[in-house]
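J.: give the three-dimensional model of this entry:
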Amino acid sequence: MSGEKCNSVGFVIRRLDHVLRQNLEMCVKEEGIDEITLMHGWILRYLYENQDQDIFQKDIEKNFSIGRSTVTGIIQILEKKGFINREFVAHDARLKKVTLTQKGMDSHRKIEEQITCQNRKMTEGVNPQDLQIFLQVAAQIRMNLESDRRTEGKTVR
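T.: So this is what the prediction gives:
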């Protein structure tokens, strides 16, 4: 592979994602929480942080930029394994809010400890100003990609 391709933004992000996933999966397995994926862990975190709100499948789809069928599958798995419940809401019988069970909360806490540890490792020795620039650049890249996705298929005039 040429040096240019190895230094492309997409390649660097993909490589970081791969190493982060490997490290987190290893740490989570060591904690005995190997029955869920990293995406499941992120969703548990989202539900934990938003316990004071009614969270529905569409909220998860939007927050994680993943499709309906993917979220449906994840919710079914998490519910089957006892991490979440789906409950009807009084104002609309068609809607079911997604809530954490005690098992989901306990697992979230263990996963969160591992994420905190990984964040410390990732930022060790990184200048705080450089880290802030990195986070700003990453946010801009994400916005660029999301903007591109919104205009895809539309005629630009």
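J.: in its sheet, what does the host helix or strand of Arg94 sit against?
T.: Element membership of Arg94 [criterion: DSSP states H and E] is strand 92-100. Its sheet considered, strand 92-100 pairs with strand 84-89 (antiparallel) by DSSP bridges.
J.: circling back to that earlier point, need the residues that contact the strand holding Arg94.
T.: Defining contact as C-beta atoms under 8 Å, 6 or more residues apart in numbering, one finds that strand 92-100 is touched by 44, 47-48, 51, 54-57, 60, 75, 83-89, 108. All C-beta spots, glycine's among them, are computed from the backbone N, C-alpha and C.
J.: shaky segments in the protein?
T.: Within the chain, the ranges that satisfy pLDDT under 70 run 1-5, 34, 148-157.
J.: now the lengthiest helix in it: how far from the chain's centre is it?
T.: Assignment by DSSP state H gives helix 128-151 as the longest helix of the chain. How far helix 128-151 lies from its chain's middle: 16 Å, per C-alpha atoms, centre = their mean, to the nearest Å.
J.: repeat that for stretch 97-105.
T.: 16 Å.
J.: ends of that stretch, how far apart?
T.: 16 Å (C-alpha to C-alpha, to the nearest Å).
J.: picking up where we left off before, name the residues that touch the longest helix of the chain?
T.: Val9, Ile13, Ser65, Thr123, Val126.
J.: try 6 Å this time
T.: Applying C-beta atoms under 6 Å, 6 or more residues apart in numbering, the external contacts of helix 128-151 come out as Thr123.
J.: what of stretch 60-79?
T.: Counting by C-beta under 6 Å, 6+ apart, His40, Tyr46, Gln57, Ile84 sit against stretch 60-79.
J.: now the two most distant members of the residues you listed.
T.: Spatial extent of these (C-beta to C-beta) is set by the pair His40 and Gln57 at 14.4 Å.
J.: so for the two, which residue has more residues nearby?
T.: His40 (21 against 17; other C-beta atoms under 10 Å).
J.: distance between the strand or helix carrying the more buried one and the chain's centre?
T.: Per DSSP H and E: His40 is located in helix 38-49. Here the centre of helix 38-49 is set off from its chain's centre by 7 Å, with C-alpha atoms, centre = their mean.
J.: CA atoms of that helix as PDB?
T.: Extracted as PDB, the C-alpha positions of helix 38-49 are listed here (Å, rounded to 0.1, in the frame of the first residue of the first chain):
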ATOM      1  CA  LEU A  38     -19.300  -2.800  21.700                       C
ATOM      2  CA  MET A  39     -22.300  -1.300  19.900                       C
ATOM      3  CA  HIS A  40     -24.500  -2.900  22.500                       C
ATOM      4  CA  GLY A  41     -22.300  -1.300  25.200                       C
ATOM      5  CA  TRP A  42     -22.600   2.100  23.600                       C
ATOM      6  CA  ILE A  43     -26.400   1.700  23.500                       C
ATOM      7  CA  LEU A  44     -26.500   0.700  27.100                       C
ATOM      8  CA  ARG A  45     -24.400   3.800  27.900                       C
ATOM      9  CA  TYR A  46     -26.900   6.000  25.900                       C
ATOM     10  CA  LEU A  47     -29.800   4.500  27.800                       C
ATOM     11  CA  TYR A  48     -28.000   4.900  31.100                       C
ATOM     12  CA  GLU A  49     -27.200   8.600  30.500                       C
END
